[in-house]
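[1] What shape does this take:
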Amino acid sequence: MADVLCVYREVAVLRESKSETSNVAIISYDEKPGIQAIGNTASDLPPKPG
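    Next up is the predicted model:
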């Protein structure tokens with residue numbers, strides 16, 4: 001998680017700098033594009049104490 005958050009922060013810093021000399025390409029992709037949540041497989045359970 002820390003690595004992912006670090007990448008997001010680096011992208012934010014690059015966008016804020018607005019440097020004309022920066023040759024940076026930011027690419028994002030979905031690791032599992034063929035998987036989609038179609039529906040629930042079980043009904044929701046009510047909360048229980050403990």
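
[2] Okay, now the unreliable bits of this structure?
    Judged by pLDDT under 70, the chain has its weakly predicted residues at 19-22, 30, 33.

[3] Which residue ranges of it form strands?
    Counting by DSSP state E, the chain has no strands to list.

[4] Now do the helices in it.
    Taking DSSP state H to define them, one finds helices in the chain at 2-17.

[5] List phi and psi for Ser28.
    Dihedral pair for Ser28: phi -130, psi 140, per degrees, to the nearest 10.

[6] For Asp44, see how far away it is.
    32 Å (Cβ to Cβ, to the nearest Å). Just so you know, the C-beta spots here come from the backbone N, C-alpha and C atoms, and that holds for glycine as well.

[7] what's the answer for Glu10, then?
    39 Å.

[8] ok, these two, which is more surrounded?
    Glu10 (12 against 6; other Cβ atoms under 10 Å).
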